[in-house]
Every structure is written in C-alpha cells, then in structure tokens.
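>>> Structure of the sequence below:
(4 chains, ligands or ions: 4)
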Amino acid sequence: SSPQAGGDGPVAGGTLIYLEHQAYTSLYPPSAGFYPNGALVNNLTARLLHQDPETLELEPWIATALPEVNADATEYTFDLRTDVTYSDGTPLTAENVVANIDLFGLGDQDRALIVSEAINNYERGEVVDEDTVRFHFSAPSPGFGQAVSTINSGLLADASLELDSEGFGPGNAAQVIGAGPFVVESEELGSTIRLTAREDYAWAPPSASNQGRAHLDAVDIVIAPEDSVRIGSLTSGQAHIARQVEPQHEQQVAAAGLEIVAAQTNGVNNGLSFRFDHPLLQDIRVRQALIAGIDRQEVVSSIFSDGYPLATSSLSQTALGYQEQAGAYAFDRERANALLDEAGWEVGADGIRTSEGQRLHLVVNEALPQPRSRDVITLVSQQLREIGVELELFQGDQAAQTAASTDIDQIQIYHSMVGRADFDVIKSQYSIENRSTLLNADESGAPIDGELEALLQQVASEPDTEARAAASAAVQAHLTEQAYVLPFFEEPQVYGLQPVVHGFETESVGRPDLAGVWLEG
Amino acid sequence: MSATIASLLPKRAERSGRPNPRATLVLAIAVLAIALAWAVVPWLFTAQDPIAGVALDALQAPSAEHPFGTDATGRDLLARVIFGAGNSLAGAAIAVLVGLVVGTAIGVLAGSTGGLVEEALMRVVDVLLAIPGLLLSLSVIVLLGFGVTNAAIAVGVTSIAVFARLARSQVVRVRRSDYVEAAFGSGGSFLAVLRRHVLPNSLGAVLALAALQFGSAILQISTLGFLGYGAPPPTPEWGLLIAESRDYVATAWWLTTLPGLVVAAVVLSANRVAAAVRGGTA
Amino acid sequence: MPYAVRRTGQAVLVIVATFVLAFLLLHALPGDAIVARYASPELGLTAAQLQELREVYGADQPIWVQLWQSAAGFLTGDLGTSLQSGADVEALIATALPSTLALASLGFAVAVLLAVGIAVAATFSGAEWLRRAFRSLPPLFVSIPVFWLGIVLLQVVSFRLGLVPVINANPVEALVLPVLTIAVPIAAPLAQVLIRSIDDTVAEPFIAVARSRGASPRWLLSKEVARNSLLPTLTIAGVLFGELIAGAVVTETVFARTGLGRLTQEAVATRDIPVLQAIVVISAVGFVAINLAVDLVAPAIDPRLRKAVHA
Amino acid sequence: MSALLTIDDLAVSYRARRERRTVVHGVSLELQRGEVLALVGESGSGKTTIGQSIIGLLPEGGRIERGGVHLELAGGPVDLTKLAPRAMQQLRGARVALVPQDPGTSLNPVQTIGDSVAAPLRIHRWGTKEAIRRRVLDLLERVGLDDPARRARQYPHELSGGMRQRALIAAAIALEPDLIVADEPTSALDVTVQRRILDLLADLRAELGSSVLLITHDLAVAAERADDIAVLRAGRLEEHGAARTVLREPQSDYTAALLADAPALSDASPRLPRLAAQPLVTIDALVHDYGRRGAGTGADAFRAVDDVGLQIAPGTTHALVGESGSGKTTIGRALAGFHRPSSGAIRIGELDVLAERGSRRLRRAVQLVSQNPFASLDPRRTIGQTIGEPLQNLPLGDGGVRDRRLLAERVAAALQQVALPAETADRLPRELSGGQRQRVAIARALIIEPQVVVLDEAVSALDVTVQSQILELLERLQRELGLTYLFITHDLAVVRRIADTVTVLRRGRAVETGTAQQVLTSPRHEYTQALLEAVPAPDWLRDARRGQEARTSTGQLEVA
Ligand SMILES: Nc1ncnc2c1ncn2[C@@H]1O[C@H](COP(=O)(O)OP(=O)(O)OP(=O)(O)O)[C@@H](O)[C@H]1O
Ligand SMILES: Nc1ncnc2c1ncn2[C@@H]1O[C@H](COP(=O)(O)OP(=O)(O)OP(=O)(O)O)[C@@H](O)[C@H]1O
Ligand SMILES: [Mg+2]
Ligand SMILES: [Mg+2]
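Ligands and ions are numbered 1, 2, ... in the order given. Below is the predicted model of the structure:
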C-alpha cells in the first residue's frame, strides 16, 4: 500500500514523526486492543506467528513453523527459534514463552492483569524441550493460532512479566521489553514516546519486506488529540504520519498532496446492536422497523468517504467467516411505519409513537473511539424521527459512557465495532463472555437467546476451519433473522502519509508496522 | 511621547467627531434585543430547520440561500445560530442566576452579620476560589449529569465565590455609610434597613457583575462544549457550534468564525451594558 | 507578626477545607475509576472480577477511612497511585507540573506585559480614537473563546505561515503559541482593572498637584501613577490564578502539551480521583500561596498598609 | 510697573452632557508683584476654575472661551492661554506654583515626603541628586518641619494635616516661583493650624517676593491676609479692590450680604445665656476608649474621651468645640445612643441613655444630624421616602404611620417646617443643593419630634450664606418646638452666633465649660485663648472685639 519507491529502494536512517490521537494507557499485551496501546505493542514485541494482513494467512515468526494442532484443537505444539533475544539481552526461551502465554491466557487478578480476549479455554502451557512448547485447552480452541499472532500475545522478557498493572502503565514504557524491531528509548508522559530501532533485530516474519533492522533510526510518537492540530501539523509538514484522519479531513489531506491509507480492520463492522431484552425492543417488529427506518446509504455517503464501504453483513467482507446478508438492511420507510403500526405503536401529537402510555424513546451511546459517531447518531435520529422513533444520544464523558454501557436501562442501542482477523471476532463482540454488546445475559448470567450464545461458542470451539466458517455464517444469519444488529460500514484505520514516507504497512487490524518504513531524502 | 500629550493634559480644543458614548450603548442594547428575540421567537427570523439538514448540501460557503453557510451535516448555520440563541442565552442566564442568587445571598449574609458567621462564610468562599473553576464545573456536571441546564449550573457554581466577595464588600461599604447609620438612628430595624438601604445600594455593582458574567458564562459553556461536556447534539447551542466546528477551521472558516462573531457581539454588548449599569449606580 | 501568623493560619485552614471538600465532592461523582478503566465491554470483565479489583484498590472501604488514608498519604508526601494508568501520582505531577509552570508563568508574564501595554495606550496615547480603540480591546479579548484562539493561532501561524512548529518543536518554539493563547484571556481582565485603577489614580488630586509642578505625562506615568495602580491589579492577579489553570486545561489540550491541565481533563474523564485530589490540593496551595504573597507584598507597595501588618 | 498677573476678560466653559456651560463669564483681574490677591465667593462661583486656567490645568472638558492670562516674565509678558503645552509645562512648578486645598489627598500616598518635595526640582532638572537632597532638607526646615531628615523619609499618612500642607508648600516654593496659586490652602485644617500655615505663606512671600493668588471661601481669611480682594459670584466679578475698601464699603449688595452672613466677621456679641432651669441633658464622667476589647489593654487602645461632664438646659444650645480629633463626635454619638462609652452616665430627662441604647424611646428622645448632608441621605430614595422613614419605623400605636396619604401629609408638613417646597418630596438627594440636603436631614430628625438633637458639624460643609440660613432655621425651630441642641463644631465663630453654653475640648478632656459669653470673651484656659486667637479676622475686627470683651467683663463684674 505504499507508493513506488522512486527506484532507489529503501534508505536507512531518519526519525519518523508519527502523530497519535491519544496517549497509550497500558502496554500489557492483552490490553493492546486500544489503538494507541496496539501501535506500540505491535512494534515493540514479536509473536509466535504472523498473520498476513492481505490474505489473513498465518505464517511462522518466533515459531519456526505453524503449530501442530491435535484433532479437537485442544493441544498446540510450537517449535521455537533459538536465536532470538529480548532487547534487554535475555534470550527468548521456551520457559519464557510458556510464562507469557500462561499470563495472557489466565490473567493475574492480584496484579490486576486481565485475560486476553483472544485466548479461549486456556488451561496450561508446557515446556516440552528447550525449543518446543505445548499449550493445553479445556475445550477446543481453534482460534489460538491466530490469537498468538495478534498484538494481544506480544511476547515479553521475563523481567516485564513481573510487572503489575501499574508497571505496564504510562511512565514505565521503557520497562516493557519485547523482541520486536523497536525499543522504547524515552518517554515524556502523555506527550511523546521515542522508539529506536533495535540494531540486532534479525527475525522478521518471512513475508516482511525488510528482513533486518528497521530502516528508521527512530520514531517519535507524538500525542495530538485535537483533530485539527493533528491534520494541520501533518499537512504543513511538521509530521510524517498521522493516525485517525477523520473522513471530513480526507479531502484536506489529499489536497495537500498527501497519501491516505485506509487499512481494513477485518472484524465486526461499525454498527448498532439492539439490546433486545429491553421492553421497547423485545418485539422483533420494532427492531425490524428500526433497521428499515435507517437510511445507511445516506449516513455513509454524507458523513464518510470511499474508504468506508457500506456494510453487507455484521462482519467485514474481508473478515474470516464473512457471509453476505443480501437485502437484510434495506431502507424502506413505509415498511418501517407499517411494522410499527402493526406492533401497536401509534404516532402521538409530537410525532413520536406511543403504546400503552410509553414513548418509543431509545438511548444510544456515543462510540468515542469510532469516527464521527456523534454525526452518525445525529443523522440517524433525524431519520428515525420520520418514523416516529425518538433516538437520544447518551451524554457523558468516557467514564460515564463506560459506566452506562452495560446498563440496559441507560443504553438500549449500542454503537461499536471490533477489529480482529479471526473467526473469533464475532464471538468477541456478541458473546456474554466477552463484550456482549447485545447484553444477552439475564441476571443469573445465563444467556437469554441461548441459540445465539451456542452458535458463538461453536465459532470459538469448532476445531476445523470450515466448521468455524459455517458457525460464523450461522451467527450472521441469526443476527439478521432476529434483527439484532444494523451494521453501517466497514471501518478502516485511516492514516495520512507524507509523500516522503515509503513502505508503510499495517498488521491485520490496522496497527502500524513501522519496521519496513523508510524516509526519502 | 511629545505627541502623546493626552488625557492628562488640558484640552485646549475640543476634538471633533467624538462618537457619542450613548451610541455604543444603544447599539449594545439593540444587539442584546435581537439576540433575545432570536431566543424567544426564532422561527420569525429563519425558515430553515436548525436540526435537520440536507446531507448533500454539507459544508457550503455562505450564500444568499445560506447566509452563514452550512455545516458538516448540511444544516443551515444561520438557523442553528438563531435557534441556538434560546439555549445559549437561557444557559448563560441560568449560570448567572445561580452565581448571583447563591453568591449574593452568601455575601449579603456575611457582610451584614459580620463576626464569626462572616469569617466562616468567607472561608467557604475562599475554598470555592481555591478549587480551579474548570475542575469544579466539570465535577458538578459529572455529579448532576450532562446537559445544557446542568452545564449552566456548573458554570454558575464557579461564579458564586466572585459574587459573594463583591456582594460582601459592597454591603460592608454601604453599612459604613452615613445614611445607613441615619436609618438605624431613626429607629429602623436590622431587616428594614437591610431591605430599604443596604440591598438597593449594594446590588448595583453586583448587577453590573452579573451583566459581565453573562458574557463570560456563554464562553465558559462553550469551553465545556469543547471539552465534551456541553449540550447534547443536535441541540443548537452557540458554544457547541464553535466547539464542534473547530475541526473545520482550515476548510470551512465560516463554521467557527460566524457563530464566534455572534458570540463576541453579544458578549461585548453585555459588557457595554454592564459598564452602563456600573456607571449608573456608582 | 500576629497578622502574618493569622493570615498564614487562614491559608492553611483553606487548604485543609479544600482538601476535604474536594475529597467528598470527588467521591460523590458517579462512576469510579475502576469502572472507567475496567468495565468497558471491550475488556469483557465480569461484575465479580470488577469487585475484586475494587478490593485490590481499596475502593470498597468506607469514605471516612479513604479520606483518612488519603490525608495521611498527603501529609507524608505520598499522593497515591493513579487509578487510570497505575502510575505514581507524584510522578505524574512531577512530569506535568514543570511544563504547566513554564506555560502559566510565562503566560502570566506576557499577560501582564500585554495588559500594561493596553492600559498605558488606553490612557496615555495621543488621539482620543486610539485610546477608545485600546479601551475596547479588553472586552473584545474577553469574548474570544480560548480554544478557538488557540486553534486559529495554530492554523495561521504554524500551519499556514509555518513560523513556529508545534510538533517536535524546541522548548522555546513550543511555548510561543500556547503562551500567547493563555495570555490573552488573562490579559483582558488585568488590563480592565489596570485601566480602571489608572483612571482612578489619574483623578486623584495629587496627580493634578504633580502636573502643577510641571510633570510631563511620562513622569506622571512612571513616578506617580504606576505604583498607585499596581495594588488593585496585583489583587486581582491573585484571583486570576484559577483562570490560569482553566486556561492550561484548554491550551494544553489544543497544543498537545503535557501538563497539569491535560492531566486534569483526562483525570476527570476517567474519574481518576487520586490524581484529581492531588491536582486540587496543588492548585489550592498555589492559589492560597499567591494570595498570601499578594497580601504580604502589598504593604511594600503601599506604605499605608504597613501599619495594619505590624499591628 | 505693570502687574505680575493680568487676567483679561477670561471666559471658561465646561462640557456638560450635550452642550457647553460657561462658568466664568469674562473676568478681569490684576495681581501686583509681591502682593496677595484673594479670590472669594460661594461654592461653584468659579474660583478654582480661574486658578486652574492660570496654571493651565483645566480638567477634561474645560475650555478657555476667550480672554487671556498674562504673566510678566523676565523676557516680557506671555499669554499663558496661548502657550504651547511643552512651554506651559516648563513654566508650571518653576514660575507658577500651586498650593492645593486638601493636604490629605494632594500628596502621592506611596511616595515619601522627600520625594514629593523633590519632584519639582527633579522635573525641572534643578541640580545633582545630592544637591536636590540637600535642598529638600533645607526646604523642609524652612517650612518649619522639625527633624527634616526624618520627615523626608516618612510617608504622607504618617504626618498630620498641617505638616502635609507644609510639605506641599515646600514643594511649591522649591523653585522660587513668581506666582503662587493657593486654592483654599487651609480649609481642611484646624484653625490653629490654619493660622500657622497662613503665617508661613506670608513669611515666605515676603522672603521670596512672590505674588499669591489666594483662593478662599472664607471672607475672614481674605480680610486678614489679602492686599486686594476680588468677589466672585456665579462666574462674574462682583467687586475687585483693596481689601479694606471691599470689606468696609462694599459696592455690591452681594458682597454686603456675604459680609453680613459671615459669622467670623460679625462683631455681634455672643448670646446672653438664658435662664438656667433643671438641666435636660446630663453627661457625667464620660470616658471612651477606642481599640480596647474586654479586659486586656490592646496596644492600640486609645482614650478619645476622658472624664467629660456637661449639662444642657432644655430649649438651649450647648456647643462642643475643639480641634479635630478632640472627641467631639465621640461624645455626640454617645449621647445619641450610637455607641456605648467605656464608662460614665448620660441622661436625657428621666431617660438613662446607656440603658436604653437602641430602644424606640431613646430614638424619640434624641436624634443626630451629621456633617455630610449628602452622605447621610440614601442616594436611591426620594426625599419623601427618606423623611417619612422614621415614622414607618415606629410602632403604629406609638406615633408610627403606615397610611400612605397620612405619611405624605406628615412629610409635606416636615418639608414646610424646614422651608422646602412640597415638590421636593419627589426628588432624589443628588438633585438638591447642599443646603437643601441639610434641611432634609434636619427634617428627618425632627419628624419624630425628639427633645434633643445632636448636630455634628451640621453647617461646616456649607457656604456662609447657606450656613447662615440653616443656623437661622435651627434657631427658629428651637424657638417654636423648644428643642435642645448639642451643637458640635470646630468653628468658634458659629459658636458665637448660636450657643448658649460651651464646652471646649482638647484631646478628649473638657478644658473649659461655661456660658458662651464667658468662654468666648474671657477665656480662662490658655488653650481656649489660643483657639480664639487663631480665628481669622482683620485687625480692625479684632480691635472691635477687644472692646466687647472689656464691656462684658465689666458687666460680669456687675453681676458678681
Ligand atoms: N470638570 C468640570 N466639568 C464640568 N463642570 C465643572 C467642572 N469643574 C467645575 N465645574 C463647574 O464649574 C463651576 C465652577 O466651579 P469651580 O470649581 O471653579 O467653583 P469654586 O468656586 O472653586 O467652588 P468651590 O468653592 O466649591 O471649590 C461650578 O458650577 C462647577 O459645577
Ligand atoms: N472608630 C474609632 N476607632 C478608633 N479610634 C477612633 C474611632 N473614632 C474616632 N477615633 C479617634 O478618637 C479621637 C476622637 O475622635 P472624634 O471623631 O470624636 O473627634 P472629633 O472631635 O469629632 O474630630 P473631627 O473634628 O475631626 O470630627 C480621634 O483621635 C480619633 O482618631
Ligand atoms: Mg474650588
Ligand atoms: Mg467629628
């Protein structure tokens, strides 16, 4: 996805200035889902496997080959490279790998370290010999191969594994020691982190264009939360790369002669989850009406750009397990009105429908990390008003939004997305064990829609790929059939690049890979 | 410096073309009146919908059809400014009222009772001053919940201390005056003197401050909007209009500039009126 | 001496009261840092796990116990750990404070220069229209939102004209625009008070007397007016300290600077109470100290106050 | 030889609201070298304006319409009104100097006395730093300040009014100017201090050969000190001539009336004491300490009134005289029940004032009228509201009035009593003149029909003519209503006119008490004598008074 390298090939040296939207919050790999965390972890750590961002195929990295997996996918055996060292000089050993995956798979409550959402059914790790490790699972865990390729499984030196939640927090970045192409040199709390290339890095994944040390000498990751500042600095040449170029700025960036890279995130699409257990949403006709009453085309074309394709399923087209849901989200205002009429919702004096004294009033969160969530909701609420539904945007800062997000009385419609290039991603989004955006659990913690939960578990535990794809398709069909979700678009990670930047790539969910980047001139 | 023989030197010749100071006051009152009219009967001033936009018309520069241009979702900006007057002025009014009522009550109580009560109250005021205003208002919003009214109250809370201080100093000044002494001397009770003399003569400066605070309240509310604690969209609100459209400073100048000018005009007018109030009561 | 002692006692009392009030206020806020940090559905933790985390952080103890522990911590110089990032609050403050101090003190200095410039021009410049123009500057400055000023300055000065970089700027360059941004809203009220107190001073009989001795405007300004107008200005300068912090929040956000302001905003957004508590106490100490200093310095400027101090 | 200063058809106007108002209408004056010209006239007649025109310091909005101010300098006469600002600046302080009215506000409060005195020297680059320092000490010594080195280091607030005025004079004469404009140089000072300041000015004038334009509202001062007198009325010159001629044979009726109203110039003898009955007011061993709380004696404790006793017969006027700070107000306020003295007893008839403090009975027995008529009226309330207020405060059964119509009637009656037109009731204090305001204050005190009225410097702020009217009013009311007055004043001339009995206070102690006649004509205490001596009066008047004294002392002998 990088421009042609002017013939001369990569140039070594230089300091890249990379603008980030927010400061990182933790470098504990299972927390790397947060983009600013992930951008760092991805460049600081190596993983057992590597996933090709284009094909989503796995390939060896620290492991010498793809793992041996037993038939029901409850045992994974990896053969490890023996030439890898961490940046503090300690060797990457089998014991160390087991210690890593044990921590990520089991978490550590005492140190406030969570379990990685990528690893399911983990039981234990085993050092088979000095360059072989094996992992055992209590139930099939077919996603584990992909899991150890993600940033959530970035391998850390023994010293770093001792850290507690605080130790992974801001201010301590230099203590987080990986075996990736970059090392943290210095950190200015909340404003800048300087990464330097690791001179002896020589274990890049086979498909990487740059097999040796990173071309760049250093990377300055500078926090610039204000959009206009980030874009202004980028277009005025004060920085080389800016993450999160919002659609409204794309034109400005392009007009300044810069390149825009929209990296697909290969996961669950940006969209709405209807929390069907709420009294107002229990009737499927209401949910269907909401879907029919929203003109996604208008949302996408007026607020977003070409980099944001209209969603055709709850999963992105490039996600594993994608199954098109043709015609599921058609805009048809008449049908929407008819459905609501049928469900007994009558239009009141102020244009909002009521039934048995209840107003059809729903609250949706603001997806703070997602692009232009406010504008999307504003437009959608305008559209829904046309069919007599009142949609309110939940007011609150990050903490308030987070606190309300799991409370069905406060938020009935949840706006979100999740990126992960594995079949499991759909489970991450909807399972009651994970993000549970539909809030499909009753008070006792049992699933309300048992069928959905069972299908999700199947995705995560069906040992063979085809069966997983089928299970994923079944989930998507079920979501469509029950009118649980309305996906808007396939959300990319959008970067703006100065023309002098070459070789910029992202990993499978859009985190930057800086090892191959070089600066012209 | 030889040319700057200014106000301190005698004026031998009357300088002509001196604008009448009343003219600016009239202008200021006119601006406030228009803003008030927008707040009360916005539909008389625009036929456009402030909430619903035509998505295809997004980000149009000012034109005959859209004198202030359109915003990112194709809404007419002028309509949003006009309809926003209601929210903004009401917000500012609430903010000022909170500060005025609570602050003045504290200040008058402290100033008129004196002694231990005064000491205690003024220390409370010091504490209020010692907590940074923005932090205080953010906490109040989080505490009360988000929304236009709560943001306004939060801004008002931060001005309580200032009002209290001013009210107290005014009351103390008036209390020392000969006419208050004379009123006591003619048999007036504490409350009667407070009502007849102390309050009317103290509140002039306080009201001037209120007019001044009115302008700054609009700005503070907009700062809260900037930090993400303002009115919920799609509510048109001036501060929010500026705050939300800051991403377009480089590409669509009108989005921040025109509402900004409206706010500046209103704030300036409020200041001018405040000066007149002060002048009239000093 | 008793005056200074009493005044200092009051100051300490205010700080203690601020500490307690802030503590209670912050703990009354809905949503705690544990929720803010760990309850996000993205992390998928169960309610039981959250409860355990609460216990780990001591967030489940009665508020009085927490207040006591926090107060004891403050007294021993231990400000606790940030619930959001897990970093030591002392460390957070230690990195944030110098940058904010530089911004605030420079901003204040520039504001004073600006204010003095405006006030002098508004009272002493030649043409009446010029004086009027300068007189209308403070209300104009007051009506500009700080964040807007910052963004426009950035767009014009840095992005369009390319005069000063904001990203990877050297420490001096990095301060130019933020200082200007924070100075303008502080300069406005300062200038207003200064103009007023110059006006008041100029109306005093002793100015007419000085003029009757043949004093030139420059003499009047430097020898007669300046010191007399200083005190009211100094007094509100103390009050403006709070503005400085609000200005820092906005300025640091716009210019992507580290500092107490940014820290404040992030801590509020994540209900990071230990951090907020520390910020409140630091700014209360700052506020109280500045006002105490103003009170103690005032007699040096105005000899009439000396008696009161020693009395 | 031509005059040093010639004012020729001077007209000055001020900008008021929309139009310009001329306040000096073509005044022509002459001042000879080395002489004193007194400019007299009532408040607002344009005295200050003329003085400001001379030194070129009209306030903003003021403008010279026509005429000239010619000053005879070494190089010939210059018209000060036509001079370039720079040139004028150079003249000010050097050739023309000002001695201002109020020494309290005329010195920069944050500058040392030394710096203030040095200012003209520094401005006009008189000499080296050291030379200036020595010159300042010299000047301070010359104006009679003790320990000049210490005084030079002190700040204005550390000096008394008289000392400050001396410092201001030192600054004015620093460059030995040809002309000194002294605008009411002593009106803010006590008589004894006034005398010393005027003496100083006279000495310096003689020494330096400067001319003095003495602006004053006090005819007696003019009479005593001036060679020539110019009488001003509403911006026009009424009379201009040698002092003796103007005073003895006034050409205009206005001057004659002014002379008649000036108590200081009247040679009428003090009132004869009226028959002493049982006293109505008895003050006994009154002590008042300020700054002392509870038992402990604070460092700032200060005895303002020290064992003062006096008695006032019903229907008479007792004058309390003494210099500033002697405790007059403190006693008056104690009598009116405004504060509790440290010890002593005060009775009004059967009423124990100290026990009744704050009660309605006391309010109905005694009322206070204070010095500043403007400050004692609420600027936001109409005259009617102000006068009616005491009636609203009283309980209904006890003289209180709530009915609006009735209230209006009572207010109208009260206004009539103090000779104000009924429509005054709807006006605000700022719409009245000083004399009218003082009448309002008196009406408010009288409306609840008190027995005793404490008048604290009730006429001190007023012009002689107005003062005379108010005094007349007070006398009439006393006759009609049988009021008893405690009349506080620092002006012995007023005492001469109105008092039956007098107490002279000095530093909180009553140094002398007795009938007005006795105290004023044959004072026993030397302080009283000094006080009397200090009252300005031309020599011929002093002679006339001496005659009186002789007569009364023989009269007393007859009684005894
Ligand atoms: N700055 C001014 N602007 C407008 N009118 C003024 C100003 N100063 C004085 N006047 C008016 O000019 C007239 C003369 O005032 P001036 O001060 O010369 O009187 P005066 O004789 O000195 O009175 P006083 O004895 O009270 O000092 C008065 O009517 C006064 O109201
Ligand atoms: N509230 C007070 N606290 C302390 N000292 C006071 C107070 N009021 C008056 N004094 C002092 O008491 C003394 C007598 O004051 P008082 O006002 O009675 O004098 P006065 O004779 O009325 O003087 P004047 O002629 O200046 O009005 C003065 O030295 C004064 O400084
Ligand atoms: Mg005068
Ligand atoms: Mg007195």
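>>> From residue A:137, how far out is residue A:120?
According to C-beta to C-beta, to the nearest Å, residue A:120 and residue A:137 sit 8 Å apart. The C-beta positions use only the backbone N, C-alpha and C, and glycine is treated the same way.
>>> any common contacting residues for the two?
Common contacts of residue A:120 and residue A:137, defined by C-beta atoms under 8 Å, 6 or more residues apart in numbering or on different chains, comprise residue A:144.
>>> Compare the two (neighbour count), which wins?
Neighbour count, other C-beta atoms under 10 Å in any protein chain shown: between residue A:120 and residue A:137, residue A:120 has more, with 27 against 22.
>>> what's the more buried one in contact with, if anything?
Contact partners of residue A:120, counting by C-beta under 8 Å, 6+ apart, are A:137, A:139, A:141, A:143, A:144, A:147, A:424, A:427, A:460, A:461.
>>> my guess is the fourth one meets residue A:423, correct?
Yes. A contact is recorded between residue A:143 and residue A:423 when judged using C-beta atoms under 8 Å, the distance being 6.3 Å.
>>> returning to what we had before: which of the contacts of residue A:120 lies at the shortest distance from residue C:97?
Nearest to residue C:97, judged by C-beta to C-beta, of the contacts of residue A:120 is residue A:147 at 41.9 Å.
>>> Tell me where chain A has helices.
A:35-44, A:94-106, A:144-147, A:158-161, A:227-235, A:247-255, A:284-293, A:296-303, A:333-342, A:373-386, A:398-405, A:425-430, A:450-461, A:465-481 (DSSP state H).
>>> and residue 237, what pLDDT?
No chain specified, so I'll use chain A. Reported pLDDT at residue A:237 in the predicted model: 89.
>>> look at chain D instead
Looking at residue D:237, its pLDDT is 93.
>>> got the contact list for it?
Residues in contact with residue D:237 (C-beta under 8 Å, 6+ apart) are D:27, D:28, D:29, D:230, D:231.
>>> With residue A:63 instead?
Residue A:63 sits in contact with A:48, A:49, A:78, A:79, A:80, A:81, where contact means C-beta under 8 Å, 6+ apart.
>>> Columns neighbour count on top of those residues, output as TSV?
Converted to TSV, the contacts of residue A:63 look like this (neighbours: other C-beta atoms under 10 Å in any protein chain shown):
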residue	neighbour count
A:48	27
A:49	23
A:78	26
A:79	18
A:80	21
A:81	16
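>>> so of those, which ones are in strands?
Among the contacts of residue A:63, the ones falling in strands (DSSP state E) are A:49, A:78, A:79.
>>> Closest one of those residues to chain B?
Nearest to chain B among the ones in strands among the contacts of residue A:63, counting by C-beta to the nearest C-beta, is residue A:49 at 39.5 Å.
>>> And the pLDDT for the closest residue in space to the closest one that isn't next to it in sequence?
Spatial nearest neighbour of residue A:49, chain neighbours left out: residue A:149 (4.0 Å); criterion: C-beta to C-beta, 6 or more residues apart in numbering or on different chains. pLDDT recorded at residue A:149 is 94.
>>> Could you count how many residues lie near residue A:149?
So residue A:149, with other C-beta under 10 Å, has 27 neighbours.
>>> So it versus chain C, what's the distance?
Separation of residue A:149 from chain C (C-beta to the nearest C-beta, to the nearest Å): 20 Å.
>>> Got phi/psi on that residue?
When read as degrees, to the nearest 10, the backbone of residue A:149 gives phi -100, psi -10.
>>> mind listing what it touches?
By C-beta under 8 Å, 6+ apart, the contact set of residue A:149 is A:47, A:48, A:49, A:50, A:51, A:58, A:61, A:508.
>>> So for these, which is the shakiest by pLDDT?
Checking pLDDT across the contacts of residue A:149, the minimum falls on residue A:508 at 86.
>>> Can you name the residues that contact it?
A:51, A:52, A:53, A:56, A:149, A:150, A:266, A:421.
>>> repeat that for 10 Å
A:50-56, A:58, A:146, A:149-151, A:263-267, A:318, A:419-422 (C-beta atoms under 10 Å, 6 or more residues apart in numbering or on different chains).
>>> Now residue A:102. Nearest residue, chain neighbours left out?
The shortest distance from residue A:102 to any non-neighbouring residue, by C-beta to C-beta, 6+ apart, is to residue A:125 (5.1 Å).
>>> for residue C:11, same thing?
Among residues not flanking residue C:11 along the chain, residue C:288 sits closest, at 4.5 Å (C-beta to C-beta, 6+ apart).
>>> Give me the phi and psi for that neighbour.
Note on residue C:288: backbone dihedrals following degrees, to the nearest 10 are phi -60, psi -40.
>>> Repeat that for residue D:79.
Torsion angles, degrees, to the nearest 10, at residue D:79: phi -90, psi 110.
>>> Now do the same contact list for it.
D:6, D:8, D:67, D:68, D:69, D:70, D:71.
>>> repeat that for 7 Å
Listed by C-beta atoms under 7 Å, 6 or more residues apart in numbering or on different chains, the contact set of residue D:79 reads D:68, D:69, D:70.
>>> Residue D:439 too?
Residues near residue D:439 by C-beta under 7 Å, 6+ apart: D:418, D:419, D:420, D:473.
>>> Counting neighbours around each, name which of residue A:143 and residue A:423 comes out higher.
Remark: of residue A:143 and residue A:423, residue A:143 carries more neighbours, 27 against 24, as counted by other C-beta under 10 Å.
>>> That one and residue A:424 touch, don't they?
Yes. Assessed by C-beta atoms under 7 Å, residue A:143 is found in contact with residue A:424 at 3.9 Å.
>>> can stretch D:158-170 be found next to ligand 2?
No. Stretch D:158-170 stays clear of ligand 2 (C-beta under 6 Å from any ligand atom), getting no nearer than 9.7 Å.
>>> Okay, buried residues for that stretch please.
D:158, D:159, D:161, D:162, D:163, D:164, D:165, D:166, D:167, D:168, D:169, D:170 (16 or more other C-beta atoms under 10 Å in any protein chain shown).
>>> Adding pLDDT, write the residues you listed out as a markdown table.
Output for those, formatted as a markdown table (pLDDT from 0 to 100):
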| residue | pLDDT |
| --- | --- |
| D:158 | 89 |
| D:159 | 89 |
| D:161 | 85 |
| D:162 | 85 |
| D:163 | 90 |
| D:164 | 91 |
| D:165 | 89 |
| D:166 | 89 |
| D:167 | 93 |
| D:168 | 93 |
| D:169 | 92 |
| D:170 | 92 |
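>>> Show me which pair in these is furthest apart.
Longest span within the buried residues of stretch D:158-170, C-beta to C-beta: D:158 and D:169, 18.0 Å.
>>> CA atoms only: put stretch B:50-69 into CSV for me.
Extracted in CSV, the C-alpha atoms of stretch B:50-69 (Å, rounded to 0.1, in the frame of the first residue of the first chain):
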residue,chain,number,x,y,z
PRO,B,50,-31.9,24.0,12.6
ILE,B,51,-31.9,20.3,13.4
ALA,B,52,-32.5,18.5,10.1
GLY,B,53,-30.1,19.2,7.3
VAL,B,54,-29.8,18.2,3.7
ALA,B,55,-26.9,15.9,3.7
LEU,B,56,-25.9,16.7,0.1
ASP,B,57,-25.6,20.4,1.0
ALA,B,58,-22.9,19.9,3.6
LEU,B,59,-20.2,22.4,4.1
GLN,B,60,-21.4,25.1,1.7
ALA,B,61,-19.9,28.5,2.0
PRO,B,62,-22.1,31.4,2.9
SER,B,63,-24.5,32.3,0.1
ALA,B,64,-27.8,34.0,-0.4
GLU,B,65,-29.7,30.9,0.5
HIS,B,66,-27.5,30.1,3.5
PRO,B,67,-26.1,33.4,4.7
PHE,B,68,-23.9,31.7,7.3
GLY,B,69,-23.2,28.6,5.1
